[in-house]
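Novice: below is the structure, and that's it, no one-letter string:
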């Protein structure tokens, strides 16, 4: 039985992966809601030194749709610079820290990181009414792709690192947003939260033994236009 650590384990996708992998593996969840602060380098170093894990799946991220204090009318000219910095701190700096400590304490294994379609293309302003999707989110998620490639190059051949680029996941959005988003997607709908489990399973198994540094876009075709 292999040990899998899932960061962001209490989130929408993380919780689905927890349920899926728990059926056949020992799964450990790390999440801020469980008291795990992955922006704390001391905690990250201590945890990975004391807890062996064969596979690392990184779902944790800062995203403005879960920030209840976010001003929904913010535009490009309104975003505070400290907000931009916070996205980089959590979505890139902390992610690098987690990946590095995993690799430091493992001779073999896999890492799966999560980017976003907004790490590949810009968000569309008309999807968010008079507000704009926070620029810090997209920039940080673009960085996740390059970080994945860098880690894959430096940790090969023993540790494989790959990246998923998921499209929008159906979760409490307004009916109008879902309708508008679906019109922009060849599959004519948003993603279901459980539709990533099989590819994460593939990337965390020997079935993907020759796969590293790859970026898999799973977005219903959203970014082909």
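Specialist: It's in. This structure is a prediction, so every number in the text was calculated from the model and none was measured.

Novice: how near is the residue lying closest to residue 106 once chain neighbours are set aside to residue 98?
Specialist: Excluding the flanking residues, the one nearest residue 106 by C-beta to C-beta, 6 or more residues apart in numbering is residue 159, at 6.5 Å. Heads up, the C-betas are built off the backbone N, CA and C, glycines and all. Per C-beta to C-beta, to the nearest Å, residue 159 is found 13 Å from residue 98.

Novice: same check on residue 174?
Specialist: 33 Å.

Novice: got it, and residue 108?
Specialist: From residue 108 to residue 98 the distance is 18 Å (C-beta to C-beta).

Novice: so the two - more neighbours on which side?
Specialist: Neighbours of residue 108 and residue 98, each counted by other C-beta atoms under 10 Å, are more numerous for residue 98; the result is 24 against 10.

Novice: and that one, that one's in a helix?
Specialist: Yes: with DSSP: H, G, I helix; E, B strand; the rest coil as the criterion, residue 98 is part of a helix.

Novice: and it, how far from residue 14?
Specialist: Counting by C-beta to C-beta - residue 98 and residue 14 are separated by 14 Å.

Novice: overlap in contacts of the two?
Specialist: residue 7 (C-beta atoms under 8 Å, 6 or more residues apart in numbering).

Novice: now the strands for this protein?
Specialist: 3-7, 26-30, 55-58, 109-114, 159-166, 215-218 (DSSP state E).

Novice: output the ones you listed in TSV, with mean pLDDT, mean neighbour count and distance to residue 201 appended to each entry.
Specialist: Formatted as TSV, the strands of the chain follow (pLDDT from 0 to 100; neighbours: other C-beta atoms under 10 Å; distance: least, C-beta to C-beta, whole Å):
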stretch	mean pLDDT	mean neighbour count	distance to residue 201
strand 3-7	98	24	10
strand 26-30	98	19	12
strand 55-58	98	26	10
strand 109-114	98	26	10
strand 159-166	98	24	12
strand 215-218	98	17	13
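
Novice: now render those as a markdown table, adding distance to residue 190.
Specialist: As requested, the strands of the chain are exported to a markdown table (distance: least, C-beta to C-beta, whole Å):
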| stretch | distance to residue 190 |
| --- | --- |
| strand 3-7 | 22 |
| strand 26-30 | 25 |
| strand 55-58 | 22 |
| strand 109-114 | 16 |
| strand 159-166 | 10 |
| strand 215-218 | 12 |
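
Novice: for residue 120, which of the ones you listed is the nearest?
Specialist: Distance to residue 120, taken as C-beta to C-beta, is lowest for strand 159-166 among these, at 5.8 Å.

Novice: tell me which strands and helices that closest one is in contact with?
Specialist: Strand 159-166 sits against strand 109-114, helix 135-155, helix 197-203, strand 215-218, with contacts defined as 3 or more C-beta pairs under 8 Å, 6 or more residues apart in numbering; DSSP states H and E.

Novice: any idea which of the ones you listed is most buried?
Specialist: Most buried of the helices and strands packed on strand 159-166, by mean neighbour count (mean count of other C-beta atoms under 10 Å): strand 109-114, with a mean of 26.
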